[in-house]
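K.L.:
Fold the following and give me the result.
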Amino acid sequence: MKKLLVLAIVLLAAGSLSAQDVTAIYNEAGAAYNAKDFAGAAAKFEQVIEQGMDNEDAASQVATAKKTLPTCYFMMGGGAIRTKKYDEALKNFTKSAELAELYGDMSQMAKANGWVAKIYQIQGGEAFNNKDYATAASVFEKGYKADPDNTAMALNLAMSYCEMGEYEKGMDIYEAIAAKTHPKYADDVAKAKEMMALYTNNKVATLQGANDFDGIIAMADVQLEKNPASALFQKVRLQAYASKKDFNKVIELGQAAADAQTDPEDKSLMYLTLGAAYNAKEMKPQAIAAFQKVTAGPAVESAKAALAELTK
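P.N.:
Here you go, the predicted model:
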């Protein structure tokens, strides 16, 4: 009861400030900000918001305080970064992002979260370079949550997952990077696709070694459920069905697999696989039509040989 009474007195006192009193605090906040005393400015701007929020005559000062307060914490974070006090910087950038979100400044929130991610990128870098992928992933996860557009860190997170054996989680991150269309991400998009193919081919090779073609198909199906247009997993699945000699499935899925490919050699490989399935099912016209669409890469010679036999 005593605590509630004290709180009531504090609240009454807080509400008793006049617009003139709020303005005085606001001016002190502005002076501190201009003097680059961002901690002092933040404390004063917080007072302006608390003391003036119910005072219509102080609405302008409160609005400016809400706009400026996240910037104060952002600048404090920047100061900590310059002296390599990363924990302090992280705390201030996080506070800046939270306040910016609270007060509806999405641009400032994105800027602050961008720095949150960069700090986690720095903090996870040593573990990543030392191949301590579990530690690196636990740090990079926090940075990725703050800023999924930090594709350099996202690539490291995806690689950490894959090296830990968490293949699906790694593919999800790589897919998210590969889906970006802005030209500034072009290099990282290419890297993501390269690494997806690398880790997938490694996994496929392991499953092939165990003659586990159903395992390959199941792996591809999981990824295609998330992204049906994935060129990589359309190709992997079709080849697995061909290895199983499930020609009906190859015929069912072959055109979609070919359509998904953007590389002419991969597209030709899909048509070669489809043509072989038609040929195995003694569907000569369809086989010829498929082989005729093989126009690029090593598959061309095989298609020519098949066509020569079919058109004797």
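K.L.:
What is the burial count for E46?
P.N.:
16 (other CB atoms under 10 Å). Quick note: C-beta positions are derived from backbone N, CA and C, even for glycine.
K.L.:
List the contacts of it.
P.N.:
E46 makes contacts with 65, 69, as judged by CB atoms under 8 Å, 6 or more residues apart in numbering.
K.L.:
Toward the C-terminus, what is the element adjacent to the helix or strand where it lies?
P.N.:
Element membership for E46, per DSSP states H and E: helix 38-52. For helix 38-52, the following helix or strand on the C-terminal side (DSSP H and E) is helix 59-82.
K.L.:
which secondary structure elements does that next one contact?
P.N.:
Using 3 or more CB pairs under 8 Å, 6 or more residues apart in numbering; DSSP states H and E as the contact test, the elements touching helix 59-82 are helix 19-34, helix 38-52, helix 86-102, helix 106-129.
K.L.:
what helices or strands is the last one leaning on?
P.N.:
Under the contact criterion of 3+ CB pairs under 8 Å, 6+ apart, helix 106-129 touches helix 59-82, helix 86-102, helix 133-146, helix 151-163.
K.L.:
ranking those helices by burial, who's on top?
P.N.:
Mean neighbour count (mean count of other CB atoms under 10 Å) peaks for helix 151-163 among the helices and strands packed on helix 106-129, with a mean of 23.
K.L.:
Report the angle between the helix or strand following it and helix 133-146.
P.N.:
For helix 151-163, the succeeding helix or strand toward the C-terminus, using DSSP H and E, is helix 167-178. Taking axes from the mean of the first three to the mean of the last three CA atoms, to 10 degrees, one finds helix 167-178 and helix 133-146 inclined to each other by 40 degrees.
K.L.:
then helix 167-178 to CSV, C-alphas only?
P.N.:
Only the C-alpha atoms of helix 167-178 are listed here, as CSV (Å, rounded to 0.1, in the frame of the first residue of the first chain):
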residue,chain,number,x,y,z
TYR,A,167,21.0,-29.0,-44.0
GLU,A,168,17.4,-27.8,-44.2
LYS,A,169,18.0,-24.7,-42.1
GLY,A,170,21.0,-23.8,-44.3
MET,A,171,18.9,-24.2,-47.4
ASP,A,172,16.2,-21.9,-46.0
ILE,A,173,18.8,-19.1,-45.5
TYR,A,174,20.4,-19.7,-48.9
GLU,A,175,17.0,-19.7,-50.6
ALA,A,176,16.1,-16.4,-48.9
ILE,A,177,19.3,-14.8,-50.2
ALA,A,178,18.9,-16.3,-53.7
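K.L.:
And the next helix or strand past that helix?
P.N.:
Next along the chain after helix 167-178, with elements defined by DSSP H and E, is helix 186-209.
K.L.:
for the very next helix or strand once past that next one, which positions count as buried?
P.N.:
Later in the chain than helix 186-209, the nearest helix or strand by DSSP H and E is helix 213-226. Residues of helix 213-226 classed as buried: 213, 215-217, 219-220, 223-224 (neighbour count, 16 or more other CB atoms under 10 Å).
K.L.:
Also stretch 118-128?
P.N.:
Those buried within stretch 118-128 under the rule 16+ other CB under 10 Å are 118-124, 127-128.
K.L.:
and it, how far from the chain's centre?
P.N.:
The chain centroid and the centroid of stretch 118-128 are separated by 16 Å, computed with CA atoms, centre = their mean, to the nearest Å.
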